[in-house]
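> Got a sequence here, can you build the structure:
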Amino acid sequence: MKEINEHIDQISQACNSNKVKSLFAFGSVTTDKYGPDSDIDLIVDIDENDPLTYSDHYFNLKFELEKLLNRQIDLLEQKAIRNKYLRDQIERTKVLVYGK
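As a prediction, the model looks like this:
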């Protein structure tokens, strides 16, 4: 979480400008398994109903975070996580980065 914490103000600005309701980190970035070659796994909930505008916000956020953190970002949509096993795995390690 070091990279995230070091850039929390810029991450918050990116979230705000892309209508993010919440952003969570999960996986290795929240554990001691995170290393120099690790990607950053995030879950986002975007407050937008129009599909085109939604996708603009989604990809803008992803690219802004990759540039800011200099890491590959795996950005999952909160509403797309339907698999109970995956959801349970995420719940074990997720940490709020932005929002509620």
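
> any idea how far residue 90 lies from residue 53?
Counting by C-beta to C-beta, to the nearest Å, the separation of residue 90 from residue 53 is 26 Å. Every C-beta, even on glycine, is put in place using the N, C-alpha and C of the backbone.

> One more: residue 12?
Taking C-beta to C-beta, one finds residue 12 at 21 Å from residue 53.

> Same question for residue 17.
Here residue 17 is placed at a distance of 13 Å from residue 53 (C-beta to C-beta).

> Please say which of residue 12 and residue 53 ends up with more neighbours.
More crowded of residue 12 and residue 53, by other C-beta atoms under 10 Å: residue 12, with 15 against 12.

> Helix or strand with the lowest mean pLDDT in this protein?
Scoring the helices and strands of the chain by mean pLDDT, DSSP states H and E places helix 84-93 at the bottom, with a mean of 91.

> And that one, what's buried?
Neighbour counts over helix 84-93 (16 or more other C-beta atoms under 10 Å) mark 90, 93 as buried.

> name the helices or strands packed onto that helix?
If contacts are counted by 3 or more C-beta pairs under 8 Å, 6 or more residues apart in numbering; DSSP states H and E, helix 84-93 sits against strand 20-26.

> and the helix or strand following the strand it packs on, what's its mean pLDDT?
Next in sequence after strand 20-26, counting helices and strands by DSSP states H and E, comes strand 40-46. Average pLDDT, strand 40-46: 98.

> Is residue 97 located within a helix, as I assumed?
No - when classified by DSSP: H, G, I helix; E, B strand; the rest coil, residue 97 is found to be strand rather than part of a helix.

> Test my guess that residue 77 contacts residue 58.
Yes - between residue 77 and residue 58 a contact is recorded at 7.4 Å, counting by C-beta atoms under 8 Å.

> Between these two, which is the more surrounded one?
Higher neighbour count among residue 77 and residue 58: residue 58, with 18 against 12, using other C-beta under 10 Å.

> The more buried one and residue 78 touch, don't they?
No - between residue 58 and residue 78 no contact is recorded; they are 11.5 Å apart, counting by C-beta under 8 Å.
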